[in-house]
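[1] Dropping a prediction and its sequence here:
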Amino acid sequence: MPAERLDKLISRLGYCTRNELRKHLDLVTVDGEPAKKADQKVEHRQVRWEGEPLDPDPLWVLLHKPAGYTCSTKDPGELVFDLLPERWMFRRPQLSTVGRLDKDSSGVLLLTDDGQALHRLTSPKSGIDKVYEVTLALPATARDCERLAAGGLMLEDETKPLLPCEVELVGEHNVIMVLHEGRYHQVKRMWAALGNEVVRLHRSRFGKWRVDDLEPGEYKLLEPEI
Ligand code: URA
């Protein structure tokens, strides 16, 4: 990674502003030595903040989103960013969720500040598999599952029919769905179109990512996706 000014690096990773760094220079070491000047040229790997390596750059995070948290930086109520270190809110480029889960949904949520990768992963062309465990208010039938799986359904206010997907009936009120696209409130709208209602929605997989090893609200860092 190329060398850059220490104050620029520290502020873009969200630790503090460039001005604040002048007061906090004692918290920073470069190659194990106290930092000398806020504008000295450094590489990311040389720097420690309070003795700890800096957060990765770019940043990739896998969060087990609990129900009740919003995928936004400023809505009222609890935000997924409240579950992460506060400084990540101040990173530039900004840390964003890779797509969204509704406030009342839980499960796999990826976040990154890598704009190109974000675009790639959220593009309609990405075709990334998303697996949802769905609980319904009314019993689901094999016929319902076949209708949704076949694709072709036109949701309200949309111009393109839904793609085929996989829908498995696993209990009277429970299905597992594998979607290959990601539309607004897609699972809820699909079941609403058949006169049913989703009462619980958990995303158990997004592409290759799962959260089986994370409790709701826990996160872990991932290796960057090139
Ligand atoms: N479909 C929905 O309806 N909600 C989600 O959170 C994800 C997929």
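    Yep, it's here.
[2] tell me which parts of the chain are close to the ligand?
    Leu101, Asp102, Ser105, His185, Gln186, Val187, Lys188, Leu201 (C-beta under 6 Å from any ligand atom). For the C-beta atoms, the positions are set from N, CA and C on the backbone; glycine is no exception.
[3] can those residues go into CSV with extra columns for pLDDT and secondary structure?
    Listed next are the residues of the chain next to the ligand as CSV, based on pLDDT from 0 to 100; DSSP: H, G, I helix; E, B strand; the rest coil:
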residue, pLDDT, secondary structure
Leu101, 98, coil
Asp102, 98, coil
Ser105, 98, strand
His185, 96, coil
Gln186, 97, helix
Val187, 98, helix
Lys188, 98, helix
Leu201, 98, strand
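[4] Name the nearest of these relative to Gly207.
    Leu101 (14.4 Å; C-beta to C-beta).
[5] And that closest one, its phi and psi?
    Leu101 adopts backbone torsions of phi -120, psi 140, taken as degrees, to the nearest 10.
[6] Next, the contact list for it, please.
    Counting by C-beta atoms under 8 Å, 6 or more residues apart in numbering, Leu101 makes contact with Lys65, Cys71, Gly107, Leu109, Leu201, Arg203.
[7] The last one is in contact with Leu110, isn't it?
    No: at 10.4 Å, Arg203 does not count as touching Leu110 under the criterion of C-beta atoms under 8 Å.
[8] The two: who's more crowded?
    With neighbours defined as other C-beta atoms under 10 Å, Arg203 and Leu110 compare such that Arg203 has more, 24 against 21.
[9] SS state for the more buried one?
    Secondary structure for Arg203, judged by DSSP: H, G, I helix; E, B strand; the rest coil, is strand.
[10] Name whatever forms a beta bridge with it.
    Per DSSP bridges, the residues bridged to Arg203 are Gly107, Tyr132.
[11] and it, what pLDDT?
    Predicted confidence (pLDDT) for Arg203: 98.
[12] could you measure it against Ile176, distance?
    Relative to Ile176, Arg203 is positioned 11 Å away (criterion: C-beta to C-beta, to the nearest Å).
[13] So for those two, which residues contact both of them?
    Counting by C-beta under 8 Å, 6+ apart, the contacts common to Arg203 and Ile176 are Val131, Tyr132, Glu133.
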